[in-house]
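Chemist: Only the shape, not the letters, is given here:
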């Protein structure tokens with residue numbers, strides 16, 4: 001009776017405690033990587049954003065904080081992380097990939113193509129659409145950015161990012177115009 005009820009309440013409490021600890025751990029790592037104190041405005045903004053994403057998305061605040069710490073480790077500044085985390089969580093959801101993979105793809109795109117983080121929502125939307133229409137996965141398309149192939153070749157060959165991503169959509173081989 002009561003012992004079973006006590007055990008039934010313990011599991012959700014343990015999960016909530018672990019989730020909170022994960023959030024705190026990732027936010028502490030983010031603060032260290034960014035050189036921020038926990039009372040600085042930039043850190044408070046990041047923490048508030050992670051909590052908001054935990055309320056408003058299928059991702060937890062700890063997941064959002066993890067993405068933030070991964071971006072910080074890749075050299076993003078606090079203001080860039082605030083702009084990048086929403087589209088990254090959306091890309092992870094749409095592409096059915098984990099946050100580590102999504103942050104790696106996003107940071108490769110941003111650094112490799114020298115794109116402004118304000119353009120990230122449009123870029124991730126194009127990437128997800130290209131993956132859906134081409135039959136490739138987001139991870140497959142992201143691999144081009146990770147290894148630097150598109151980052152080196154595409155800016156020289158195409159006028160804008162929509163044309164670059166359209167090449168994926170139409171199954172063209174970048175740089176040669178041949179079908180894959």
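Modeler: Cool, the structure landed. Computed from a prediction, not measured in an experiment: that's the story for all the values here.
Chemist: what about the helices in this structure?
Modeler: 2-34, 41-56, 61-73, 78-95, 99-112, 120-134, 138-146, 149-157, 161-169 (DSSP state H).
Chemist: avg pLDDT for the first one?
Modeler: Across helix 2-34, pLDDT averages out at 70.
Chemist: Please apply the same query to the fourth one.
Modeler: The average pLDDT for helix 78-95 rounds to 94.
Chemist: returning to that earlier point: may I see the helices of the chain organised as a markdown table, with mean neighbour count added?
Modeler: From N, CA and C alone the C-beta is placed, and that goes for glycine too. Shown next, in a markdown table, are these (neighbours: other C-beta atoms under 10 Å):
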| stretch | mean neighbour count |
| --- | --- |
| helix 2-34 | 13 |
| helix 41-56 | 16 |
| helix 61-73 | 24 |
| helix 78-95 | 21 |
| helix 99-112 | 21 |
| helix 120-134 | 18 |
| helix 138-146 | 19 |
| helix 149-157 | 16 |
| helix 161-169 | 17 |
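Chemist: need the contact list for the residue nearest to residue 105 when sequence neighbours are not counted.
Modeler: Nearest non-adjacent residue to residue 105, counting by C-beta to C-beta, 6 or more residues apart in numbering: residue 142, 3.3 Å away. Applying C-beta atoms under 8 Å, 6 or more residues apart in numbering to residue 142 gives the contacts 95, 97, 101, 104-105, 108-109, 127.
Chemist: And the residues you listed, which is closest to residue 79?
Modeler: Closest approach between these and residue 79, by C-beta to C-beta: residue 109, at 17.9 Å.
Chemist: Look up how far residue 141 lies from the closest one.
Modeler: Residue 109 sits 10 Å away from residue 141, going by C-beta to C-beta, to the nearest Å.
Chemist: What of residue 27?
Modeler: 31 Å.
Chemist: Ok, residue 121 next?
Modeler: For residue 121 relative to residue 141 (C-beta to C-beta), the value is 17 Å.
Chemist: which one is residue 79 nearest to, not counting chain neighbours?
Modeler: residue 42 (7.4 Å).
Chemist: what does residue 90 give?
Modeler: Of all residues not flanking residue 90 in the chain, residue 124 sits nearest, at 6.4 Å (C-beta to C-beta, 6+ apart).
Chemist: residues touching the one you found, list them.
Modeler: Per C-beta under 8 Å, 6+ apart, neighbours of residue 124: 87-88, 90-91, 94, 106.
Chemist: From the residues you listed, pick the one nearest residue 63.
Modeler: Among those, and counting by C-beta to C-beta, the member closest to residue 63 is residue 88, at 10.5 Å.
Chemist: so that closest one touches residue 64, yeah?
Modeler: No: using C-beta atoms under 8 Å, residue 88 makes no contact with residue 64, being 9.2 Å away.
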